[in-house]
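**Q** Sequence and predicted model, in that order:
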Amino acid sequence: MMDVVNPDIVLTKQLFGDDFAWGVSTAALQIEGSCDADGKGPSIWDTFTRKRGRVLNGHNPTIACDFYNRYTEDIDLVKTLNIPNFRFSISWSRILPNGTGEVNQAGIDYYNNVINYCLTQGVEPWITIYHWDLPQALEDKGGWTNRDIVGWFSNFAEICAKNFGDRVKNWMVMNEPAVFTGAGYFLGIHAPGRRGLRNFLPAVHHVVLSIVAGARALRKICPGAHIGNTFSCSHIEPYADKPRHIDAAKRADVLINRLFIEPILGLGYPTEEISALKGIDKYIQPGDAADMRFDFDFIGIQNYTREIVKYSFFTPYIGASLVKAEKRNVELTDMKWEVHPPAIYHMLKKFDAYPQIKKIIVTENGAAFPDAVVDGRVDDPKRTKYLQTHLQQVLKAKQEGCKVYGYFVWTLTDNFEWAEGYHPRFGLVHVDFETQRRIIKASGRWFAQLLG
Ligand code: BGC
């Protein structure tokens, strides 16, 4: 009966305690648009989306939600929704058009305006330094496969800390390293579209070193800051109770849930289960072990679903494959992900079990459903139910003593969903991408009421 939550408990924010951070998360590339305004350089996503067949329906992030020009309107929405914390990311190539070298003052001014507007509205800014939009100029030099990126990234983190750290107290160094290295450097389905272990393994190691270097730069410049990093995670279950499926599930767990958090906690890379991962040793230099760990103030976990994993002889390196949710006769979101609220409970328990983790914040959770505007309204009961049932699981974990201290919905407005373009709508607020008109969805009104 472990997965059952008490349906009679009516959710209130008080149940989570006064020190629980409620928020909403976004990312620069997905909302800002203005991809070459005021001196911004191109990012790998600007380049990738110009190539045919990479993004569904040929969509691109050139305009997105036009947050660059409409940030006051959107931060007003955060306030209207009673959401006290707003998470957004910094576009590296807006600050450093070439990734290194000269700083673009217009980029600094823009983020200062966003931060200052949040503060005047009583909304606390939470910054993610890197949410996947690498400057194209750095990708041209090898991107995350080039070890020099550790220096390039810590320089960027330093610039962010120096310019924004006087007002921004909450920071996340990078968003979901497993996703941008896995999809962008192994599978080639996200920018920059690289494939194979020879790209993936060096990228993994340089990302780990960069997360730590970035966190140290922040700590040095802003000693009092609350510093975290966010990690994607999915609850994994074997297809059947058979040793070969159980072992396959363990290997998938390494790649999906353990590969980045464990070295950062000082546990080293989890290479025992997947021998191909041992190839990472080639990129590790003497002295690296000390530069792979950081004592984060909090760990952000981002969970959307669970995965069922089965043994697969034909899948190279891991001998495991995901059993698609579409084939499992379960409720699906518009991403074709299973709706499975206990997944977030299991992930909270899993991360809570690492004694090195001091505090967990759910920095993303949410769902895409096919919303429709009817008479100027968007009724999205499935999203409201998704959020409620996931929050019940968070509460259950918390009541069992799990150190979870925050929950951020993904996301504020419908936006550019990476390789899926504008089709999946995750927002609490509907966006008409022709007119940029915003409509608060019923789920947004529900969340506002919860936080009111
Ligand atoms: C990412 C977001 C993304 C969301 C939904 C997370 O993996 O951080 O950028 O839009 O999930 O796919």
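**A** Yes, it's here.
**Q** and residue 141, how many neighbours?
**A** Residue 141 is flanked by 15 other residues according to other C-beta atoms under 10 Å. (Glycine included, C-beta is placed from N, CA and C.)
**Q** gap between the nearest residue to it once chain neighbours are set aside and the ligand?
**A** Of all residues not flanking residue 141 in the chain, residue 148 sits nearest, at 7.2 Å (C-beta to C-beta, 6 or more residues apart in numbering). Using C-beta to the nearest ligand atom, to the nearest Å, residue 148 is found at 26 Å from the ligand.
**Q** now residue 38
**A** Distance, residue 38 to the ligand, by C-beta to the nearest ligand atom: 24 Å.
**Q** Under a three-state scheme, what state does that residue occupy?
**A** Here residue 38 is helix, with the state taken from DSSP: H, G, I helix; E, B strand; the rest coil.
**Q** That one against residue 105, yeah?
**A** No: using C-beta atoms under 8 Å, residue 38 makes no contact with residue 105, being 9.3 Å away.
**Q** Once you drop chain neighbours, what's closest to residue 219?
**A** Spatial nearest neighbour of residue 219, excluding adjacent residues (C-beta to C-beta, 6+ apart): residue 227 at 6.4 Å.
**Q** And what about the one you found, helix, strand or coil?
**A** With three-state DSSP as the criterion, residue 227 reads strand.
**Q** re the thing from before, quick one, phi/psi of the residue nearest to residue 141?
**A** In terms of degrees, to the nearest 10, the main-chain angles of residue 148 are phi -60, psi -20.
**Q** try residue 129
**A** Torsion angles, degrees, to the nearest 10, at residue 129: phi -70, psi -40.
**Q** Need the per-residue pLDDT for it.
**A** We have a pLDDT of 99 for residue 129.
**Q** Can you tell me how far it is from residue 309?
**A** Using C-beta to C-beta, to the nearest Å, we find residue 129 at a distance of 32 Å from residue 309.
**Q** what does residue 439 give?
**A** Counting by C-beta to C-beta, the separation of residue 439 from residue 309 is 39 Å.
**Q** Looking at those two, which one has more neighbours?
**A** Just comparing residue 439 and residue 309: by other C-beta under 10 Å the higher neighbour count belongs to residue 309, 26 against 17.
**Q** Quick check, the more buried one in contact with residue 234.
**A** No: here residue 309 lies out of contact with residue 234, judged by C-beta under 8 Å, at a distance of 9.8 Å.
**Q** Show the residue spans covered by the helices in the stretch 351-452 of the chain.
**A** Here the stretch 351-452 of the chain has its helices, by DSSP state H, counting those that start in this stretch, at 381-399, 442-451.
**Q** Okay, buried residues for whichever helix in the chain runs longest please.
**A** Across the chain, the longest stretch assigned as helix under DSSP state H is helix 197-221. By neighbour count on 16 or more other C-beta atoms under 10 Å, the buried set for helix 197-221 is 197, 199-219, 221.
**Q** Direction included, what does the host helix or strand of residue 172 pair against?
**A** Under the criterion of DSSP states H and E, residue 172 resides in strand 170-175. Using DSSP bridges, the strands paired with strand 170-175 are strand 124-130 (parallel), strand 226-238 (parallel).
**Q** Now do the very next helix or strand once past that strand: distance to the chain's middle.
**A** Using DSSP H and E, the next helix or strand after strand 170-175 towards the C-terminus is helix 177-181. Chain-centre distance of helix 177-181: 9 Å, with C-alpha atoms, centre = their mean, to the nearest Å.
**Q** And stretch 67-84, by the same measure?
**A** 20 Å.
**Q** Just confirm yes or no for that stretch near the ligand.
**A** No: on the criterion C-beta under 6 Å from any ligand atom, stretch 67-84 is out of touch with the ligand, staying 14.0 Å away.
**Q** near the ligand, which residues of the chain?
**A** Proximity of the chain to the ligand, by C-beta under 6 Å from any ligand atom, involves residues 27, 30, 175, 176, 179, 232, 302, 364, 410, 417.
**Q** What score does the first one have for pLDDT?
**A** Per-residue confidence for residue 27 comes out at a pLDDT of 99.
**Q** ok, it - contacts?
**A** Residue 27 is in contact with 88, 89, 128, 131, 132, 133, 175, counting by C-beta atoms under 8 Å, 6 or more residues apart in numbering.
**Q** Looking at these, which is nearest the ligand?
**A** Distance to the ligand across the contacts of residue 27 (C-beta to the nearest ligand atom) is lowest for residue 175, with 5.0 Å.
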